[in-house]
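Visitor: Fold the following, please.
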Amino acid sequence: MTTRQKLDIQKEAICLSLKLGMLRTRRKVTTSSIETDADPEMVHVSKDIMESEELKAIGQFQGEIKRYVTARCLPSPFRSGVYLLRLLLIEEVMKELELFEKKYKSLVQTFLEFYAQVYAQRHDLNSPLRERLGSLYHPEDYPHPQKVEQAFYFEVQLWELATPGALRTIDRALYEREAAKMENVWVKAQEQITQVLLTEFKEMTARMADRLTPGPDGKPKVFRDTLVGNLQEWLDLFDKRDLAKDDQLIGFVKDARRMINGIKPEMLRESEDLRKGIAQEMQNITAKLDQAIIDRPGRMIDLDEAVEVA
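Guide: Below is the predicted model:
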């Protein structure tokens with residue numbers, strides 16, 4: 001039976017809200033524009049009003065930002081886009097987000113320069129977009145650059161959440177009820193955090209076990225250096241992220257650390273015995289993590305919902 005250390009999450013962490021804005025280039029197409037004998041209510045068609053490597057670069061960078069944040073934060077029990085960030089990591093994360101924001105704005109500016117040309121050519125009968133979209137081309141699909149610029153935003157906020165202390169002097173009973181509610185929120189959050197950490201950990205150990213196990217033909221599988229690096233990074237960050245303080249999970253982490261301590265990707269490529277040994281150990285840990293996830297209460301949180309992109 002696992003035990004969990006008492007931890008006051010409200011004192012150990014702060015809420016981080018991250019919102020990233022992105023221009024959407026997909027538009028609905030009326031069924032009257034499509035020749036079909038199907039019921040119009042059963043048909044849903046869309047079109048892309050443009051292709052842009054500059055816009056694609058922004059989307060890819062948003063993914064990079066999201067991966068950085070989710071690797072260091074944990075989901076909060078509140079709305080999507082709000083994380084729990086351990087106080088130990090605030091300075092590091094906020095400095096990195098400042099650098100991300102500068103690059104984000106630079107990428108947006110590059111796209112806006114591209115879009116200005118698209119906007120200027122929206123009534124051109126010979127524009128490449130008109131030729132590609134044919135009868136589905138409509139100049140009104142391309143708003144003024146100022147409006148397009150407003151679709152991009154990079155918003156970061158930090159806040160603390162606790163029962164309002166002023167309630168104590170206004171209505172003691174109300175304060176105690178609200179304090180009890182908040183305590184229950186954080187207890188459930190701790191359970192969910194444990195589930196998230198177990199699941200993240202299991203995905204990495206399962207992948208390592210799979211890639212280090214020979215294929216059906218008996219030959220070693222190809223793997224990237226990140227196979228080892230990603231797990232090592234997760235283990236290195238664990239203590240700073242851990243708001244669950246679950247003894248069983250901490251034990252699994254210690255086992256994995258001992259197992260891959262000093263292991264380099266080239267060592268695994270050069271030694272069949274080492275690959276076999278690590279693969280077996282990773283399979284064992286994966287099985288234990290899988291059972292621990294089944295045994296735990298609480299609803300799983302989808303980390304893919306963590307960054308709000310509108």
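Visitor: could you pull out the helices for the stretch 201-310 of the chain?
Guide: Using DSSP state H, counting those that start in this stretch, the helices of the stretch 201-310 of the chain run over residues 226-241, 247-260, 265-270, 272-295.
Visitor: For the ones you listed, give me JSON lines that also has mean neighbour count and distance to residue 80.
Guide: Every residue, glycine included, has its C-beta placed from N, CA and C. Listed next are the helices of the stretch 201-310 of the chain as JSON lines, based on neighbours: other Cβ atoms under 10 Å; distance: least, Cβ to Cβ, whole Å:
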{"stretch": "helix 226-241", "mean neighbour count": "16", "distance to residue 80": "19"}
{"stretch": "helix 247-260", "mean neighbour count": "16", "distance to residue 80": "25"}
{"stretch": "helix 265-270", "mean neighbour count": "14", "distance to residue 80": "36"}
{"stretch": "helix 272-295", "mean neighbour count": "16", "distance to residue 80": "22"}
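Visitor: Please tabulate these in JSON lines, including the columns mean pLDDT and distance to residue 100.
Guide: Below are the helices of the stretch 201-310 of the chain laid out as JSON lines (pLDDT from 0 to 100; distance: least, Cβ to Cβ, whole Å):
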{"stretch": "helix 226-241", "mean pLDDT": "95", "distance to residue 100": "18"}
{"stretch": "helix 247-260", "mean pLDDT": "95", "distance to residue 100": "28"}
{"stretch": "helix 265-270", "mean pLDDT": "95", "distance to residue 100": "28"}
{"stretch": "helix 272-295", "mean pLDDT": "95", "distance to residue 100": "31"}
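Visitor: looking at those, which is closest to residue 78?
Guide: Closest to residue 78 of these is helix 226-241 (Cβ to Cβ; 17.9 Å).
Visitor: okay, the angle between that closest one and helix 247-260?
Guide: 140 degrees (axes from the mean of the first three to the mean of the last three Cα atoms, to 10 degrees).
Visitor: Check which helices and strands helix 226-241 sits against.
Guide: Helix 226-241 sits against helix 53-72, helix 172-212, helix 247-260, helix 265-270, with contacts defined as 3 or more Cβ pairs under 8 Å, 6 or more residues apart in numbering; DSSP states H and E.
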